[in-house]
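**Student:** Below are the sequence and a predicted model for it; my questions follow.
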Amino acid sequence: MHLIQDGLFRSSGRFFPYNGLMTIRSIAAIVATTGGLVCLTTQPVAAQNTSQNNALRVLVSNGMKGTMEELQPQCEKAIGRSLAIQFGSTASLKKRIEMGEAFDVTIITTEAIGDLIKQGKLTGASRMDVGRSELGIGIRAGAPKPDIRTPEALKKTLQEAKSITYPQDGASRGSIEKMFERMGIAADVKPKIILAPGSGPATESVAAGQAAMVITLFSEIVPTHGVEILGPLPGEYQSDIRFGAATSATSKNAEAAKALIAFLSGPKAAPVLKAKGIEPR
């Protein structure tokens, strides 16, 4: 038996240089000379491909990013499968699903899940609520803490802020901009607004001192190093975003997908959800 390994072609105990360009004819000549057989060692690559093919593909909203990053090892242990997770805004993930991207489970806003079930993209019977996260304001750790406890105090703080950031395509953008309108300060704050290409860049820009404050979900503020929660928005301006999970209508891993959803909506995941700014269902 002969093999190609470590840059050498081995045949009947003899070694010949191999640089990946050796032709079939030259290999055959060596084999004929040595009277041996050739075996190419491809098992590690095959094993790697098998592992990747067996992974459960999961599309997750940025609002659940910190939670899923921490829960991933527990999830994988619970369902006996590895997870291949991709994060993005609910809007971008919804578009990808509508365009036919292959996946097994999605964890996005319940509103988007409802729309995708109507389109036949998700399995309605698999749908489960996971939790909700409130809107709040984050500031750079150690920065002065302005008052936002009342509507009047929040309005004053927003008007005096040097800059305000929030995710451009985040699920909370509509609620934030409606709040500005209701306060009558939309024109005042417009020059200060920095629309970020995602929740990560929004909160990270505050940590880096590029923006004075971020308005987004608690679950997007909590995981960011260097940013602390100033507080929730006052009651009349408060709103929350609800997250749910459902399986793809075309998933070939339905049982594992359902097991993942059951774990995320169960008691073992609840402590992590709370710690990351999400109130479990």
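**Tutor:** Nice, I can see it. Numbering: from 1, shown residues only.
**Student:** could you point out which element follows the helix or strand that Tyr166 is a member of?
**Tutor:** Assigned by DSSP states H and E, Tyr166 falls within strand 164-167. Toward the C-terminus, strand 164-167 is succeeded by helix 173-183 as the next helix or strand (DSSP H and E).
**Student:** following that following helix, which helix or strand comes up?
**Tutor:** Downstream of helix 173-183, the first helix or strand assigned by DSSP H and E is helix 186-189.
**Student:** Packing partners of the helix or strand following that following helix?
**Tutor:** Reading on from helix 186-189 to the C-terminus, the next helix or strand found by DSSP H and E is strand 193-196. Judged by 3 or more Cβ pairs under 8 Å, 6 or more residues apart in numbering; DSSP states H and E, strand 193-196 is in contact with strand 164-167, helix 199-207. Yep, even glycine has a C-beta here, placed from its N, CA and C like the rest.
**Student:** got a markdown table for these, with distance to Gly120 and mean pLDDT too?
**Tutor:** Below are the helices and strands packed on strand 193-196 laid out as a markdown table (distance: least, Cβ to Cβ, whole Å; pLDDT from 0 to 100):
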| stretch | distance to Gly120 | mean pLDDT |
| --- | --- | --- |
| strand 164-167 | 29 | 96 |
| helix 199-207 | 29 | 88 |
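**Student:** just checking, which of those sits deepest inside the structure?
**Tutor:** Highest mean neighbour count of the helices and strands packed on strand 193-196: strand 164-167, a mean of 25 (counted as mean count of other Cβ atoms under 10 Å).
**Student:** Indicate each strand paired with that one and its parallel or antiparallel sense.
**Tutor:** Each strand paired with strand 164-167, and its direction, by DSSP bridges: strand 193-196 (parallel), strand 213-217 (parallel).
**Student:** Relative to Leu273, tell me which of these wins on proximity.
**Tutor:** Minimum separation from Leu273 across the strands paired with strand 164-167 (Cβ to Cβ) falls at strand 213-217, 12.6 Å.
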